[in-house]
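**Q** Fold the following.
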Amino acid sequence: MSANQPPAYRVGAVWAFGLLHLAAVGVVLSPFSWSLVAWFAGSYFLRMFGVTAGYHRYFSHRSYKLRRVPQFLMACLAQTSAQKGVLWWASHHRVHHRHSDKEDDVHSPLLRGFWWAHVGWVIANDYDDYDAKLVTDFSRYPELVWLTRWHFAPAVLFAALVLAVGGLNAFLWGFVLSTVVLYHGTFSINSLAHLFGSRRFDTPDASRNNFWLALVTMGEGWHNNHHISASSCRQGFRWWELDCTFYLLKVLSWVRIARDLRPFRVPSRTRKPDLEKTTA
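**A** Here you go, the predicted structure:
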């Protein structure tokens with residue numbers, strides 16, 4: 001889509017997105033309890049791990065290895081976030097890295113504004129499909145093709161499980177509210193992480209490191225680090241750069257579930273500018 005071409009939005013997607021946000025307001029009608037907060041936090045961080053370790057570091061960048069069954073289970077966990085299929089997610093993310101903050105970037109806030117980068121591109125018609133040629137490494141697995149086609153199934157099953165185990169209030173906190181917050185946590189990397197923060201590396205894009213985004217996304221906020229070494233399994237590579245996704249993957253590597261975690265490497269040609277003061 002050209003930067004000057006107005007997007008066409010899918011009515012169904014807009015309504016679904018809006019109604020989910022409206023339903024999230026329903027938490028104010030439920031009696032408060034710390035157990036409901038636990039449902040929210042547990043559901044949020046479990047599925048955020050699916051997004052960061054699954055959609056992003058594994059399916060998009062292959063920063064570590066999984067055998068076939070753990071690979072399928074990681075895909076299922078990622079898709080409980082209701083952010084479409086793993087092949088769709090990985091394909092579009094690979095386009096983003098090829099053209100970051102340039103004309104063909106699917107979600108650059110610099111070229112198309114905050115709204116488009118944050119959520120507009122997800123609910124627009126323009127990117128309903130994905131380029132299967134960009135994910136031939138994973139599209140050879142029929143179970144992943146099937147899962148991408150029926151991308152809503154893991155999220156529906158997860159929602160039903162929360163409702164069955166915890167009841168209506170747990171459903172509102174542990175699925176509806178946590179899904180809405182999970183959306184905006186994930187989307188903030190596409191939008192805010194290209195606008196606010198510090199730049200350790202002089203990358204050709206506008207990626208930035210942001211401590212607060214790293215907290216809510218389990219390490220994805222070290223976005224400038226990621227753009228200089230996209231295939232690295234670790235994004236927070238200094239001791240104080242909290243990267244909970246990497247820590248959990250490290251634990252999984254100890255029991256040989258995750259294997260061959262790829263290290264952080266900076267290209268020798270890269271210039272390291274002085275650290276800018278954070279703007280966030």
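**Q** dump the residue contacts of residue 78.
**A** With contacts defined as CB atoms under 8 Å, 6 or more residues apart in numbering, residue 78 is in contact with 47, 50, 51, 54, 55, 59, 86, 89. C-beta here means a position set from N, CA and C on the backbone, and glycine is covered the same way.
**Q** One more: residue 54?
**A** Taking CB under 8 Å, 6+ apart as the criterion, residue 54 is in contact with 74, 75, 77, 78, 86.
**Q** Next one: the fourth one, what pLDDT does it get?
**A** So that's residue 78. pLDDT for residue 78: 98.
**Q** That one - nearest residue in space that isn't next to it in sequence?
**A** residue 54 (3.4 Å; CB to CB, 6 or more residues apart in numbering).
**Q** Ok, residue 210 next?
**A** Residue 210's closest residue in space is residue 197 (CB to CB, 6+ apart), at 3.6 Å.
**Q** so which of the contacts of residue 78 comes closest to residue 141?
**A** Nearest to residue 141 out of these is residue 86 (CB to CB; 9.9 Å).
**Q** pLDDT and distance to residue 251 added to the contacts of residue 78, as CSV?
**A** Formatted as CSV, the contacts of residue 78 follow (pLDDT from 0 to 100; distance: CB to CB, whole Å):
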residue, pLDDT, distance to residue 251
47, 98, 18
50, 98, 16
51, 98, 18
54, 98, 16
55, 98, 20
59, 98, 20
86, 98, 22
89, 98, 24
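**Q** Near the residue nearest to residue 210, how many residues? Count them for me, please.
**A** The number of residues packed near residue 197 is 25, by other CB atoms under 10 Å.
**Q** Please confirm that residue 100 is located within a strand.
**A** No - counting by DSSP: H, G, I helix; E, B strand; the rest coil, one finds residue 100 to be coil, located in no strand.
**Q** Now it. Nearest residue, chain neighbours left out?
**A** Distances taken as CB to CB, 6+ apart place residue 205 nearest to residue 100, at 3.7 Å, with adjacent residues excluded.
**Q** next one: residue 207
**A** Residue 207's closest residue in space is residue 227 (CB to CB, 6+ apart), at 4.0 Å.
**Q** ok, which stretches of this structure are helices?
**A** Using DSSP state H, the helices of the chain run over 11-24, 34-49, 68-79, 86-98, 109-112, 114-115, 121-123, 136-139, 142-149, 153-171, 178-191, 211-216, 223-228, 244-254.
**Q** what's the least confident stretch among these?
**A** Among the helices of the chain, helix 11-24 scores lowest, with a mean of 85.
**Q** for that helix, packing partners?
**A** helix 121-123, helix 178-191 (3 or more CB pairs under 8 Å, 6 or more residues apart in numbering; DSSP states H and E).
**Q** For burial, what's the neighbour tally of residue 128?
**A** Residue 128 has 11 nearby residues by other CB under 10 Å.
**Q** Let me know the pLDDT of it.
**A** Reported pLDDT for residue 128: 87.
**Q** got it, and the one 5 residues further on?
**A** Per-residue pLDDT puts residue 133 at 96.
**Q** Check the gap between it and residue 96 for me.
**A** 16 Å (CB to CB, to the nearest Å).
**Q** now do residue 132
**A** From residue 132 to residue 96 the distance is 17 Å (CB to CB).
**Q** more crowded one of the two?
**A** Using other CB under 10 Å as the criterion, residue 132 and residue 96 rank with residue 96 on top: 20 against 14.
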